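J.: pasting the sequence and the predicted coordinates here, then a few questions.
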Amino acid sequence: MVGHTGVFEAAITAAQTVDKCLQQVIETGLANGYSTIVIADQQLGRNGQPGRLAQYRTPR
């Protein structure tokens with residue numbers, strides 16, 4: 001939902017935070033013999049201009 005604020009930097013921070021948390025969950029699961037499937041919606045954040053969307057993906 002942070003992408004709807006129009007603050008692109010906040011959308012980037014939110015995506016990076018989710019990535020870090022998800023990494024911890026997956027690594028912990030794998031270390032304990034679990035499998036993981038991730039189902040997610042697209043990561044779109046507004047770039048501050050109404051009607052224009054910019055896609056952001058966290059670098060791996």
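T.: Done, it's in.

J.: ok, Val25 - contacts?
T.: Thr36 (Cβ atoms under 8 Å, 6 or more residues apart in numbering). C-betas here are computed from N, CA, C, even on glycine.

J.: let me know the secondary structure of it.
T.: Three-state assignment for Val25 (DSSP: H, G, I helix; E, B strand; the rest coil): helix.

J.: okay, strands next: where are they in this structure?
T.: For the chain, strands defined by DSSP state E occupy the ranges 44-46, 53-55.

J.: mind listing what's buried in stretch 23-38?
T.: Within stretch 23-38, no residue is scored as buried using 16 or more other Cβ atoms under 10 Å.

J.: same question, stretch 13-25
T.: Those buried within stretch 13-25 under the rule 16+ other Cβ under 10 Å are 14-15.

J.: could I get the average pLDDT for that stretch?
T.: For stretch 13-25, mean pLDDT is 90.

J.: let's see that stretch as CSV, backbone CA atoms only.
T.: Only the C-alpha atoms of stretch 13-25 are listed here, as CSV (Å, rounded to 0.1, in the frame of the first residue of the first chain):
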residue,chain,number,x,y,z
THR,A,13,12.3,1.1,1.2
ALA,A,14,9.2,-1.0,1.7
ALA,A,15,10.2,-3.5,-1.1
GLN,A,16,13.7,-3.8,0.3
THR,A,17,12.3,-4.4,3.8
VAL,A,18,9.9,-7.1,2.6
ASP,A,19,12.8,-8.8,0.7
LYS,A,20,15.0,-8.8,3.8
CYS,A,21,12.2,-10.3,6.0
LEU,A,22,11.3,-12.9,3.4
GLN,A,23,14.9,-13.9,3.1
GLN,A,24,15.0,-14.6,6.8
VAL,A,25,11.8,-16.6,6.7
